[in-house]
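> pasting the sequence and the predicted coordinates here, then a few questions.
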Amino acid sequence: MKKIFGNIINPINKHKTEIIKDGCLIINNKGIIEKKGKKVNFEEIKCEIFDFNDNFLIPGFIDIHTHIPQYPLIGKGKGELLDWLRKYIFPAEIKFNSADYAEKVFEYFCHNSLRFGTTTSVAFSSIHRSALKRIIEKNHKLRLFAGNSLMDLGEGELVKPMQHNLSVMNDLFQKSLNNAHFNYTVSPRYAASCSIDLMKNAAEFAKENNLYIQTHLSENKSEIEHILNIHRDYTNYTDIYHKTGLLTDKTILAHCIHLSEKELEIIHNTGAVIAHCPSSNSYLKSGIMPLKKYIQNEMKVGLGTDVAAGYTLDMKTEMRNAIESSKTLSYFTNEDHAVSALEVFPMSNILAAEYLGIADITGNLNEGKYADITVIQNRNSSEITEDILSEIIYGEDKNNLATFYKGERVY
Ligand SMILES: [Zn+2]
């Protein structure tokens, strides 16, 4: 049993945030929040104390789209998506054929995710069986949704026959069963790297085993053209995933920048989730996703760091860039696309948890959930104003002081 003291900032849903000044969370031996309230109400309980004084206790962040093997590539390479992948990313991912190297990169990835307060991450690994197998075995500090990239189309060392892709997928899924920190996720890389048959088989596998699916959609205009040249029987990019069965309410689609109304309607109807990655979209000059419009259309949108096109695992940077890019879009279109901190903050925790089907165990600091907690520094005052979420997102001094995953201090 332990007590954690601090000012509790607890997002209840997309409209409401509970604030408890001088709060206390009582964590039981299973790492679950047993009680939440004012510190003065729990003085009689004697146990280990983590006193964070005036600092803020918020839920651990949930990053719904990133890439483990690309982490060492941050800031390297330039150009737009297709060139960047070919020249920099694919050669770097080949190095994951060494499980030892993969383990080293994952340790660094995991350490920094926790340093920035992320406790759940949805990530692509490379195509390699041994690399992800090692990650599954070694990971104890981060809730991971991950899968090996599926690639059977195109050229290069990462492209393997369909049967090989399916066999690696099945092996790693079997390996992940009964692992408390890992959720195997079916991961067709994107339609340019996957045959129609591979996508159909992947979709079938996900359905049979009730798994999440992650892929990329409509990131860059040249990419869209390239893909429609490869898969000529399909009217648009979304149609490819829809007709192969990949669009479900457990599918995460990274980017979704250049979509037609028809495509948006299909995504909305299937209940698939959009991973908005504004840092990456800016780095690769891919475009600006109209976040405000998607919120108004009641699309499910979460946030992803998309390392290494995204240049940090810090979800606060991602929230900031989601807001700032929405203002830039307003400026260039003369329409109001600006979103607020109130809209963006729950995308990094409770909304993402709902999309991932884990809102019963994480996503906010309610009693009965795992103590996945990020402690944010508060230097300036004893006042908590109505701008608190904006302050957390923008404040220069709002560093992460500590991270708890399932009640254990991991940073
Ligand atoms: Zn990505």
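Ah, there it is.
> how close does the residue most central in space within the chain sit to the ion?
Centroid-nearest residue in the chain: I64, 1.6 Å away (criterion: CA atoms, centre = their mean). Distance, I64 to the ion, using CB to the ion, to the nearest Å: 11 Å. All C-beta atoms are positioned from the backbone trio N, CA, C, and that covers glycine.
> got the buried residues for the helix or strand where M169 lies?
Per DSSP states H and E, M169 falls inside helix 162-176. By neighbour count on 16 or more other CB atoms under 10 Å, the buried set for helix 162-176 is 162, 165-166, 168-169, 172-173, 175-176.
> check contacts around the residue nearest to the centre of the chain.
I64 makes contacts with 122, 252, 273, 275, 302-304, 352, 355-356, as judged by CB atoms under 8 Å, 6 or more residues apart in numbering.
> could you give the mean pLDDT of the helix holding M169?
On average, the pLDDT along helix 162-176 is 98.
> immediately after that helix, which helix or strand?
strand 182-188.
> which of the contacts of I64 sits closest to I392?
L303 (14.3 Å; CB to CB).
> what helix or strand is the nearest residue to P72 once chain neighbours are set aside on?
In space, P72 comes closest to V105 once its chain neighbours are excluded; the distance is 6.0 Å by CB to CB, 6 or more residues apart in numbering. Assessed by DSSP H and E, V105 sits inside helix 99-115.
> next, D51: secondary structure please.
Secondary structure for D51, judged by DSSP: H, G, I helix; E, B strand; the rest coil, is strand.
> and the longest helix for this structure?
Longest helix in the chain by number of residues (criterion: DSSP state H): helix 315-333.
> and that helix, what other elements does it pack with?
strand 61-67, helix 278-283, helix 291-296, strand 300-303, helix 341-344, helix 388-394 (3 or more CB pairs under 8 Å, 6 or more residues apart in numbering; DSSP states H and E).
> check contacts around the residue nearest to P72.
Neighbouring residues of V105 by CB under 8 Å, 6+ apart: 68-69, 71-72, 96.
> top of those by number of neighbours, please.
Within these, most neighbours by other CB atoms under 10 Å means P69, with 28 neighbours.
> thinking again about what came up before, the helix or strand that comes right after the helix holding V105 close to the ion?
Toward the C-terminus, helix 99-115 is succeeded by strand 118-124 as the next helix or strand (DSSP H and E). No: Strand 118-124 stays clear of the ion (CB under 5 Å from the ion), getting no nearer than 6.5 Å.
> need phi/psi at the residue of the stretch 151-300 of the chain found nearest the ion.
Nearest residue of the stretch 151-300 of the chain to the ion, counting by CB to the ion: A254, 4.7 Å away. Dihedral angles of A254 (phi, psi; degrees, to the nearest 10) stand at phi -80, psi 130.
> number of nearby residues for it?
By the measure other CB under 10 Å, the count of residues near A254 is 28.
> now do K160
Residue neighbour count, defined by other CB under 10 Å, stands at 15 for K160.
> OK, contacts around it?
By CB under 8 Å, 6+ apart, the neighbours of K160 are 127, 151-152.
> before we move on, what about I8?
Contacts of I8 (CB under 8 Å, 6+ apart): 18-20, 23, 25, 36, 56-57, 365.
> out of those, which one sits closest to R379?
The closest of the contacts of I8, once distances to R379 are taken by CB to CB, is F56, at 11.1 Å.
> and I388, how far from G147?
Going from I388 to G147 by CB to CB, to the nearest Å gives 37 Å.
> ok, now I376?
From I376 across to G147, the span is 31 Å (CB to CB).
> these two - which one has more neighbours?
The residue with more neighbours, out of I376 and G147, is G147; 28 against 23, by other CB under 10 Å.
> about what we covered before: could you dump the contacts of I64 to CSV with neighbour count and pLDDT?
Written out in CSV, the entries for those read as follows (neighbours: other CB atoms under 10 Å; pLDDT from 0 to 100):
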residue, neighbour count, pLDDT
V122, 28, 98
I252, 26, 98
V273, 28, 98
A275, 30, 98
G302, 25, 98
L303, 29, 98
G304, 29, 98
A352, 30, 98
Y355, 26, 98
L356, 23, 98
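> doesn't D152 make contact with P161?
Yes: between P161 and D152 there is a contact under CB atoms under 8 Å: 6.1 Å.
> neighbour count for these two, which is higher?
Set P161 next to D152 and count neighbours by other CB under 10 Å: D152 wins out with 23 against 11.
> any residues of this protein in contact with the ion? List them.
Contact residues, the chain versus the ion (CB under 5 Å from the ion): 254, 306.
> pLDDT below threshold where in the stretch 301-411 of the chain?
Along the stretch 301-411 of the chain, segments meeting pLDDT under 70 span 381-382.
> tell me the residue of it that sits nearest the ion?
D306 (4.5 Å).
> can you get me the start-to-end distance on stretch 346-360?
Across stretch 346-360, the terminal residues are separated by 15 Å (CA to CA, to the nearest Å).
> for stretch 175-189, same thing?
Criterion CA to CA; first-to-last residue distance in stretch 175-189 is 21 Å.
> now it: buried residues?
175-176, 182-189.
> what's N400 in contact with, if anything?
115-117, 374-377, 411.
> in TSV: those, plus distance to A202.
Below are the contacts of N400 laid out as TSV (distance: CB to CB, whole Å):
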residue	distance to A202
R115	33
F116	31
G117	32
T374	34
V375	39
I376	39
Q377	43
Y411	35
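> nearest to Y237 among the residues you listed?
Among the contacts of N400, and counting by CB to CB, the member closest to Y237 is F116, at 31.6 Å.
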